[in-house]
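Student: requesting a structural model of the entry that follows:
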Amino acid sequence: MLLSDARDEYLSYLVVERGHAPNTVEAYGRDTARYVRFLADRGTRDVDEVTRVDVEAFVASFAELEYAISSTERALAAVRGFHAFLVAERLAKSNPARVVPLPKRPHQLPEVLSIEQVRALVEQPFPPTPAGQRDRAILEVLYGCGLRVSELCGLDVADVMLDDELVRVFGKGSKERVVPIAGAAREALGTYLDSWRPSMVRVGSPCDAVFLNMRGGRLSRQSVHAICERSGRVVGISGLHPHTLRHCFATHLVEGGADLRVVQELLGHASIATTQIYSHIDRTHIRWEYLTAHPRAKGHA
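Tutor: Residues are numbered from 1 along each chain as shown. Next comes the predicted model:
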């Protein structure tokens, strides 16, 4: 069977039988398309012609082009899933990707802002306009609820339960979770919804989204990226990414004494292993507190 035809079968399987989210299918589609092109350039076009050496060469090509480790990991996961599907459906005899190892990931803690930097970011003077107050609410919700940017953009008005101080979120794989919203985030979102969002709704074509663009449609992820970067620049934070505020949310919770299992639930991580990164941050914080506070921790001349 031709690899190109097998790829089409695989993507249909992800949509119809696995029910993956469109973004996930799109990402797997890009990675497998690149994989099929790579193999074709090596003269391999049939599923049973692929060898472990081919897969390892594909993985190595990412390093040669200086792609991020995360991009390589995602591509290999797509390739592994592709070949596992072919074997399961008896479209191929073996899975050459099964034993190909992931590249080693350097240990790197996520970038985190200090509490003072976050305060400066969210308390900057936003314009008293629908867009200005929307932007304020976006930053407060990203930091106050720890949402992914896709989750923020996917919020509908019906998902917001301010009286109960809760927000319903649909995360990766359309998994639903409920997260608390309180304090400044609740106040900013409530003000936006009550006083500013109504003027952004397009007459005759209303949109259910919480966060609207100036045409009355759902705000895009690219727009949220731009809002974060622009707002960060105002207070001297360059290149601010929405995901940084999610990291800040988790880090500041752990530093404040929150249990790692609770943080896992709030972030929507399927595995506690994903949340473990914040235990490393916490240890760094504890050491800094110790060195700062203990009278004999700094040594003597």
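
Student: give me the helices and strands touching the helix or strand containing residue 167, please.
Tutor: Assigned by DSSP states H and E, residue 167 belongs to strand 166-170. With contacts defined as 3 or more C-beta pairs under 8 Å, 6 or more residues apart in numbering; DSSP states H and E, strand 166-170 has these neighbours: helix 130-145, helix 149-154, strand 160-161, strand 176-180. Backbone N, C-alpha and C define where each C-beta goes, glycine included.

Student: just give me how far the second one sits from the chain centre.
Tutor: Spelled out, that is helix 149-154. Offset of helix 149-154 from its chain centre (C-alpha atoms, centre = their mean, to the nearest Å): 9 Å.

Student: check the shortest one too.
Tutor: Taking C-alpha atoms, centre = their mean, one finds the center of strand 160-161 at 22 Å from the center of the full chain.

Student: ok, and what's touching it?
Tutor: 167, 168, 181, 189, 193, 210 (C-beta atoms under 8 Å, 6 or more residues apart in numbering).

Student: for the chain, which spans come out with low pLDDT?
Tutor: 66, 103-110, 281-286, 288-290, 294-301 (pLDDT under 70).

Student: returning to what we had before: who's in contact with the strand holding residue 167?
Tutor: Counting by C-beta under 8 Å, 6+ apart, strand 166-170 makes contact with 141, 145, 147, 151, 154-155, 159-161, 176-181, 268, all of which sit outside it.

Student: report the distance from it to the chain centre.
Tutor: 16 Å.

Student: what does stretch 149-160 give?
Tutor: 14 Å.

Student: which residues does residue 118 contact?
Tutor: Per C-beta under 8 Å, 6+ apart, neighbours of residue 118: 143, 245, 248, 252.

Student: next: residue 157.
Tutor: Applying C-beta under 8 Å, 6+ apart, the residues contacting residue 157 are 193, 208, 209, 210.

Student: repeat the analysis, applying 6 Å as the threshold.
Tutor: By C-beta atoms under 6 Å, 6 or more residues apart in numbering, residue 157 lies in contact with 208, 210.

Student: can you check residue 137 too?
Tutor: Per C-beta under 6 Å, 6+ apart, neighbours of residue 137: 188, 189, 192.

Student: filter those down to just the ones in helices.
Tutor: Counting by DSSP state H, the contacts of residue 137 place 188, 189 in helices.

Student: just the buried residues from the contacts of residue 137, in PyMOL please.
Tutor: This is the PyMOL syntax for the buried subset of the contacts of residue 137, where burial follows 16 or more other C-beta atoms under 10 Å:
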select buried, resi 188+189+192
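
Student: state the distance from residue 243 to residue 13.
Tutor: 30 Å (C-beta to C-beta, to the nearest Å).

Student: over to residue 206?
Tutor: 36 Å.

Student: of the two, who's got more company?
Tutor: Counted by other C-beta atoms under 10 Å, residue 206 and residue 13 do not tie: residue 13 has more neighbours, with 16 against 11.

Student: all set, thanks.
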